[in-house]
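> Sequence and predicted structure below; questions after.
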Amino acid sequence: MAKSTIDELIGHEGTTADNVGEKVLRVAAERPAPAGHVLTVQAEIEGIKLLPVLDAVLQAWSEAGIQLLSLGAYLEAAGTSSLPRHRTAVDRVAGRDASLAVQGPEFLPRLAAACA
């Protein structure tokens, strides 16, 4: 799920528009991230075509007590010294016709450790 938006999951591993919300919730629960998960939302897809799915996912997380916030609020709360630093890379992602910007290798790991 790390390199996918909700609509990009559809059509892979039996995922359909009817069960994609459950998949997002299951994968996020099965793979807890120490610093949380980032959900990319595209206004033209999740905000229109898949709005009921997005609403259900956000409602489930809210009911589970999971804090939902913007990346700006997350950065303000976390501080930059505790965040990993990675280069941006270009790569192919299954199910996409074009190359995408993806998380590349970590850089400045010693600086991150010194700032912690």
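Perfect, thanks for sending it. Not measured: the values here are computed from a predicted model.
> end to end, how far does stretch 60-72 reach?
Distance between the two ends of stretch 60-72: 22 Å, counting by C-alpha to C-alpha, to the nearest Å.
> What of stretch 27-38?
Taking C-alpha to C-alpha, stretch 27-38 runs 13 Å from one end to the other.
> Tell me where this protein has strands.
For the chain, the strands defined by DSSP state E occupy 86-91, 100-106.
> Could you name the helices and strands sitting against the shortest one?
Right, strand 86-91. Strand 86-91 sits against strand 100-106, with contacts defined as 3 or more C-beta pairs under 8 Å, 6 or more residues apart in numbering; DSSP states H and E. (Glycine included, C-beta is placed from N, CA and C.)
> Likewise for the longest one?
Using 3+ C-beta pairs under 8 Å, 6+ apart as the contact criterion, the neighbours of strand 100-106 among helices and strands are strand 86-91.
> contacts for the strand it packs on?
Identification of contacts with strand 86-91 by C-beta atoms under 8 Å, 6 or more residues apart in numbering yields 99-107.
> Quick check: neighbours of it in the sheet, parallel or antiparallel?
strand 100-106 (antiparallel) (DSSP bridges).
> By mean pLDDT, flag the weakest helix or strand of this protein.
Taking mean pLDDT, DSSP states H and E as the measure, the helix or strand of the chain with the lowest value is helix 109-115, at a mean of 58.
> Identify the residue nearest residue 38 in space, chain neighbours excluded?
For residue 38, ignoring the flanking residues on the chain, the nearest one in space by C-beta to C-beta, 6 or more residues apart in numbering is residue 71 at 7.0 Å.
> Over to residue 37?
Nearest non-adjacent residue to residue 37, counting by C-beta to C-beta, 6+ apart: residue 28, 5.3 Å away.
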